[in-house]
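Undergrad: The sequence and its predicted three-dimensional model are supplied below.
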Amino acid sequence: MVLRSIRVEKRFISYLKWLLESHDGMATPTTRAGTDDVLDLMVAPGMIGEFDELLAALAAEMAVEPVPVPLVPPL
């Protein structure tokens, strides 16, 4: 798995999680402990390109800001 981290407005987190779940096997999102707007995403290696395309498309709907990944993986 490839770890990516993004910041999104709190009101979009459920929507983003739903979108990722509808793309079966693409990524597993978790909200970073101690934050309410950072998602740590474990992305399947074979889905990186599709994941990046999805995030680029979402930029038209919401602010998606990449943030540094945590030093210790979330799971």
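TA: Received, thanks.
Undergrad: Let's see the distance spanning stretch 1-14 from one end to the other.
TA: Chord length of stretch 1-14, first to last residue, is 22 Å (CA to CA, to the nearest Å).
Undergrad: How about stretch 29-36?
TA: End to end - CA to CA - stretch 29-36 spans 13 Å.
Undergrad: what does stretch 3-14 give?
TA: 19 Å.
Undergrad: now do stretch 37-55
TA: Across stretch 37-55, the terminal residues are separated by 16 Å (CA to CA).
Undergrad: mind listing the helices for this protein?
TA: 13-22, 48-58 (DSSP state H).
Undergrad: Which of those helices sits closest to residue 5?
TA: helix 48-58 (11.7 Å; CB to CB). All C-beta spots, glycine's among them, are computed from the backbone N, C-alpha and C.
Undergrad: Packing partners of the closest one?
TA: strand 2-7, helix 13-22 (3 or more CB pairs under 8 Å, 6 or more residues apart in numbering; DSSP states H and E).
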